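K.L.:
Coordinates for the following, if possible.
(chains A and B)
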Amino acid sequence: MMLNKKIALVAIFILVASSLMAGCGAPKEEVPKEIVIGMGIDLKVLEPVHGCPWGAPLRLIYETLVMEDANLEIQPLLAESWEVSGDGKVWTFQLRKGIRFHDGSPLNAPAVKFSLEYKVPAYRALYAVLESIEAPDEHAIKFILKKPYAPLLRDLSMSPIMSPTAVDESGEFKSPIGTGPFKFTEWIKKQKFVLERNVDYWQGSPTLEKVTFKIIPDASTRAMALEAGEIDLTGHMAGGGVLHVSDIQRLRENPTIKIVEGYTQPCVNWIQFNTQKEPFSNLEMRKAVYHAIDAKTIVSSILGETATPLLKGPFSMPSVQHLVNPNLMWYVYSPEKAKELLAGSGWEDTDGDGIRDRNGEELKVTYVVSSIFDPELLQIAEIVQAQLKEIGIDVELQAVEFGVMQKVFEKGEYDMMVQWGVCGHGDPSLWLNYYFHSKRGPWCAFKSETLTTLVDNVFSTVNRDDRLKVFHEIQEIMEENVPGVFLYSDANIVAMNKRVRNYEIEGGIHGAYLSLWKVYLEGQ
Amino acid sequence: MLAIVLGVTVLTFSLMHFTPGDPAEMIAIARYGMEDLTQEGIEWIRIQEGLDAPVWVQYGRWLNHVIHGDLGRSLIDGGLVSKDIMYRFPATLQLALASMIVSLVIAIPVGILSAVKQNSAMDYLGMTGALIGVSMPNFWLGLLLVLFFSVYLGWFPVCGKGGIEHLILPVVTLGTGMAAITTRLTRSSMLEVLRQNYIRTARAKGLAEKLVIGKHAFKNAMIPVVTIIGLQFAFLLEGTVIVETIFAWPGIGRLLVDSIFARDFAVIQGCALVIATIFVLVNLAVDISYAYLDPRIRYERRA
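P.N.:
All right, here's what the predicted structure looks like:
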């Protein structure tokens, strides 16, 4: 019986120990006027960053000179007005007067200059054309460029301004100090990010006293947390993370929850061809695959309302609809057409195994997918695999981790690869530059000198009409050369408790929280 | 023991460096996004974070810091690795201990009863339960529990760490899954022991059935069970990525997995060091318990 006693003692000890530990987590206090937001991914740094899907909460601390509104149009924010010289090389911004950073230091031209030059070499593409930033007086900031740069305002709409007091003497980042409606309180990594209101905010003190971002990695858990009232708001794309279609449908039926939709930046989800090697060095092959893939079915069967199929090329999404070249037909879904094109290139199924062959070689291709961010990418890849099987192409799916995918991409060891993202603001120039400019070397998805020149022109052409022509020409080249199959663009959806009032999606996925300063909770 | 822990860190370090994918590039993307990714930016990070040095030099630097009690800083956010681990380890420990208790409280009695009353209704019920427990994936059970107990009944919070109410659903998810395995093992181990001659002897000499089962059979049947429990416990302490993800539990498992994806070597190494140490310690504890359970196993004291 000694044994039983010992076991009992051990059990009691463990119970007491664990209950003591459980007690460490203090019960949640009731804090009034607090909004709790569910995010799928955590922040990575507190420094002001340029874009990044997870960067949206930081936009409550740091503000930008200009911002994108709900229609992705540029609106003044810290700068109240601006003008550009006739040659497009000198931009002068007038800063709003009387704005102070969270620590009381004034927002002035030297502060803006400091902030925009902070860690310049690290990651800012704009600086390739930047001659200098000057502060002619206390409230004017001047950008002197080597050549005209059309998306400058867009670029500045994602460049957060921090206080010079946010770094220490050696220039190392110390703490997040901006001019925004909320001040930094605490960040418990991968758990929560807490902000308190800035009562001195220049547009008026926010009603919400506290904003808590809860990091909930699993999309279904986030939806359930919203249903259970543990969080007040969470988004698909907006501010980091996705929601599953099935969960959104359930949320729509819930009378306590409302759903708001907005634009996303021009983010293209597409299948990129490796045109550097067989079989996709052959243009007819690429056209055949485009004809064989039914983007509509992919969207309706897997993504539902969380995406829009791109039926007229890469810009045929709601946010940049005006850039679409109306004269282009692209490649409508037609397996027959696809089969014709394959047969025309000499690929026939001679041995009757359902896979086409030529000179004794089977038509086999690899399709590299990274499903880390979004498990649905793998399901989509399976549909693509089935649709290509239909026309006699054997697709080998390779689901790899993101880092591996980048390596495979750089080395060109693939035939088809899933591509997405690179869309920080409302102008597709970032995406075009990332994938289609030959100077990007290993990251250039389609090497073409014509396209490279056109991408350069997207940046240097300031006149709206001329620029639209450049976009039209780019689409012509893309339709003609088929660098990839443009599939769909994500929708921007935010689900929230009905008591959240005055919320609107501004500035696409990165501006998901920009309206929080005027949001209030009903019943307060 | 120290050799094992060191070996593990050397192995993780070299494996991580042989993994395809440029760490400087991954760090650049994690920190700043893909929008403005430039070759210069990547090289800048490579030099800043000392990733340009040969692998063995990097390991040497790391080891030197560890010896001086410094696990370094995260390559992504610059936070202290020791702080990250110290914050997360108690959460993991809490979840592991509580799940272990739930598992044992279910598994041991059910396992013993199933064995003693073999082929009875009790036995079938227990084994069916165990079968369900083994075959039900954690993520599914977890989501079902949340849907039922949190969303519909509103009894427990959906996710996060806090009071005891936050602990219940993740613990039930983990505990029942493990209990299933332990129950089956306890039952089969008990059955085998009950067929032994010494049990027949014990019964023949007129010992009460309670004593036969409780003292003679149970203690002997426990040896394989303790081994499994030890492994399970060590496994729990390494973190349980799926349950941590579903319940947004700030455990060490997700920290490690996230860091691997982001190529945050400093955090990966720190986690590897801690996990290896725990694994070795738990195994030591299991070995010691053998000696207690089976007097034939004795660890010789060296003169």
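K.L.:
which bits of the stretch 301-450 of chain A sit near chain B?
P.N.:
Contact residues, the stretch 301-450 of chain A versus chain B (CB under 8 Å from any CB of the partner chain): A:372, A:401-404, A:406-408, A:421-424, A:430, A:434, A:441, A:443. To be clear about C-beta, it is placed using only N, CA and C from the backbone, and glycine gets the same treatment.
K.L.:
all helices for the chain, in order.
P.N.:
The chain I'm using is chain A. Under the criterion DSSP state H, chain A contains helices at A:2-24, A:109-117, A:120-123, A:152-156, A:219-227, A:245-253, A:283-292, A:295-298, A:335-344, A:376-390, A:402-411, A:429-436, A:449-460, A:464-481.
K.L.:
Wait, chain B was what I had in mind.
P.N.:
Under DSSP H, chain B gives helices at B:2-18, B:23-32, B:39-48, B:55-67, B:81-116, B:121-135, B:138-145, B:164-194, B:197-204, B:209-211, B:218-237, B:241-246, B:252-262, B:265-293.
K.L.:
Adding mean neighbour count, mean pLDDT and distance to chain A, write the ones you listed out as a markdown table.
P.N.:
Below are those laid out as a markdown table (neighbours: other CB atoms under 10 Å in any protein chain shown; pLDDT from 0 to 100; distance: least, CB to the nearest CB, whole Å):
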| stretch | mean neighbour count | mean pLDDT | distance to chain A |
| --- | --- | --- | --- |
| helix B:2-18 | 14 | 82 | 11 |
| helix B:23-32 | 23 | 82 | 4 |
| helix B:39-48 | 17 | 82 | 4 |
| helix B:55-67 | 14 | 84 | 17 |
| helix B:81-116 | 21 | 87 | 5 |
| helix B:121-135 | 15 | 84 | 20 |
| helix B:138-145 | 17 | 84 | 6 |
| helix B:164-194 | 22 | 85 | 5 |
| helix B:197-204 | 13 | 81 | 15 |
| helix B:209-211 | 11 | 78 | 8 |
| helix B:218-237 | 20 | 83 | 6 |
| helix B:241-246 | 22 | 85 | 5 |
| helix B:252-262 | 22 | 85 | 6 |
| helix B:265-293 | 19 | 84 | 9 |
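K.L.:
can you list the ones you listed in CSV and add distance to A:Glu278?
P.N.:
Listed next are those as CSV, based on distance: least, CB to CB, whole Å:
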stretch, distance to A:Glu278
helix B:2-18, 30
helix B:23-32, 28
helix B:39-48, 29
helix B:55-67, 36
helix B:81-116, 47
helix B:121-135, 46
helix B:138-145, 41
helix B:164-194, 49
helix B:197-204, 72
helix B:209-211, 77
helix B:218-237, 47
helix B:241-246, 40
helix B:252-262, 33
helix B:265-293, 38
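K.L.:
neighbours around B:Gly69, how many?
P.N.:
7 (other CB atoms under 10 Å in any protein chain shown).
K.L.:
And it, how far from B:Gln58?
P.N.:
19 Å (CB to CB, to the nearest Å).
K.L.:
I figured A:Asn254 hits A:Glu227, correct?
P.N.:
Yes: using CB atoms under 8 Å, A:Asn254 makes contact with A:Glu227 at a distance of 6.1 Å.
K.L.:
The two: who's more crowded?
P.N.:
A:Glu227 (24 against 16).
K.L.:
List the single closest residue to the more buried one in space, sequence neighbours excluded.
P.N.:
B:Val151 (4.9 Å; CB to CB, 6 or more residues apart in numbering or on different chains).
K.L.:
hang on, the earlier thing: what's the closest of the residues of the stretch 301-450 of chain A next to chain B to chain B?
P.N.:
A:Gly403 (2.5 Å; CB to the nearest CB).
K.L.:
who's in contact with that closest one?
P.N.:
The contact partners of A:Gly403, by CB atoms under 8 Å, 6 or more residues apart in numbering or on different chains, come to B:Thr19, B:Pro20, B:Gly21, B:Asp22, B:Glu25, B:Met26, B:Phe261, B:Arg263.
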